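[1] Predicted model and sequence below, questions to follow.
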Amino acid sequence: MPKFPLDVLLKSVKSPILLIGEDQRISLQNPAATALLKMDFTGRNYINALRQPALLDAVDQAQLDGTQKTARFLVQTGNTDQTFEALVVPDNKQTLVILEDQSAEHDINSVRRDFVANVSHELRTPLTALLGFIETLQGPARNDPKAQERFLGIMAVEADRLRRLVDDLLSLSRVEETERSRPTNPVDLEEVIRQSTELLEPLAKTAKTHLQVVAPEQPMVVPGDAAQLQQVLHNLIENAIKYGATEAGITVAIHPPAYERSLQQECIRLTVEDQGSGIPERHLVRLTERFYRVDDHRDREMGGTGLGLAIVKHIMNRHRGRLLFDSTEGQGTTVSILLPTVIENLIRQSSIP
Ligand SMILES: Nc1ncnc2c1ncn2[C@@H]1O[C@H](COP(=O)(O)OP(=O)(O)O)[C@@H](O)[C@H]1O
Ligand SMILES: [Mg+2]
């Protein structure tokens, strides 16, 4: 192959490109990447530059198994959102990251349209049921008190489903609104866990399982938003009860602060562990998508909206933390969240937001 200088090639390419060296530092960054990152990260650890969890995961995975990975993420700049697709190519000890701006192909309007279509569909299902039963109550069941009681019971369930859906939609939009401002109040995580487990104890009992909490002696405090972190824990524990209840119980644990490579800082890890049937691997990456359910029918029956983990993901983004799933079919699921113990420094804030 004819020799052509790599830097000339990289300079002329419009896509942002980064090369990560064996030492995990950025060894090459082309001008398009500098324009996107707003600074030159050459010589710095790549985690400083690529702050997007999806992208960091792709780099991690590519380096682990030596195969190409792709990741997609949104960058919010001012009032506009840009969609990027990253191609991560490991080669020996180096890793090439090519970012492609796909905003035009994947324009935000189409995402919104999909969302509205999904919401309408989700709202219509319980609404159709309600309308059907109202008609029956006004007609055939008019003089049948037994049928009336049964139908009213079903209507209450459907109305409750509607209410939960509206609650979750509002919650999602509120969380999205606050995502750009990082919360700073000190939050005692043991207290957050205690409140969530107290609230969910009755549900656990009904599901014939039990909750156990494992926490270190000393207080575990992170900068955060207590109400939102409680929402996270509530969601994760509720999922473990709904989808992973067994006699073995569910363990909620706080792990003492430790350096987390993926976030390049000290973090506290919280885990919610069940020994249920687990989640097949192909679903894991999609769990945080809005309305995504592993088993559409079963999960709907459980009363889930499919929005819980989407809300959790946004709250974790706001806390500059991470959400990780680890599941083995037939053995159970462990969901972890990582929360930084201190607010990051300025350099990290200037990377891909
Ligand atoms: N601990 C778990 N074990 C098995 N499946 C789970 C677990 N947690 C979540 N899931 C799956 O992930 C899907 C998405 O979860 P979530 O966003 O909270 O929605 P839902 O409102 O349905 O609970 C669930 O419908 C379920 O299929
Ligand atoms: Mg849920």
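    Perfect, I can see it now. Ligands and ions are numbered 1, 2, ... in the order given.
[2] immediately after the helix or strand harbouring Ala159, which helix or strand?
    Assigned by DSSP states H and E, Ala159 belongs to helix 145-178. Elements were assigned by DSSP H and E; along the chain past helix 145-178, the next helix or strand is strand 185-188.
[3] Report the mean per-residue pLDDT for that next one.
    Mean per-residue pLDDT for strand 185-188: 96.
[4] Just the C-alphas of that strand, formatted as CSV.
    The C-alpha trace of strand 185-188 is given here as CSV (Å, rounded to 0.1, in the frame of the first residue of the first chain):
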residue,chain,number,x,y,z
ASN,A,185,-26.8,18.7,48.3
PRO,A,186,-25.1,16.1,50.5
VAL,A,187,-27.3,13.0,50.5
ASP,A,188,-27.0,10.1,53.0
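[5] buried sites along that strand?
    Val187 (16 or more other C-beta atoms under 10 Å). Using the backbone N, CA and C atoms, a C-beta is placed for each residue, glycine as well.
[6] any idea which helix or strand comes after that strand?
    That would be, after strand 185-188 and using DSSP H and E, helix 189-206.
[7] what does that following helix rub up against?
    For helix 189-206, the surrounding residues in contact (C-beta atoms under 8 Å, 6 or more residues apart in numbering) are 210-211, 213, 215, 219-222, 226, 229-230, 233-234, 237-238, 241, 245, 250, 252, 254, 268, 270, 339.
[8] Which of those residues fall within helices?
    226, 229-230, 233-234, 237-238, 241 (DSSP state H).
[9] what's the closest of those to Leu162?
    Glu238 (18.7 Å; C-beta to C-beta).
[10] which residues sit in contact with the closest one?
    200, 203, 308.
[11] what about the second one, distance to ligand 1?
    For Leu203, the distance to ligand 1 equals 12 Å [C-beta to the nearest ligand atom, to the nearest Å].
[12] List phi and psi for Glu266.
    Main-chain dihedrals, Glu266, degrees, to the nearest 10: phi -70, psi 130.
[13] Help me confirm that it comes into contact with Ala258.
    Yes. Using C-beta atoms under 8 Å, Glu266 is in contact with Ala258, at 6.8 Å.
[14] For this structure, identify the residue most remote from the centre.
    The C-alpha centroid of the chain is most remote from Asn143, which lies 49.8 Å away (C-alpha atoms, centre = their mean).
[15] That residue - that's part of a helix, no?
    No. Counting by DSSP: H, G, I helix; E, B strand; the rest coil, Asn143 is located in no helix; its state is coil.
[16] now the residue most central in space within the chain, nearest residue through space, not along the chain?
    By C-alpha atoms, centre = their mean, the chain has its centre lying nearest to Lys313, at 2.9 Å. Of all residues not flanking Lys313 in the chain, Thr288 sits nearest, at 4.1 Å (C-beta to C-beta, 6 or more residues apart in numbering).
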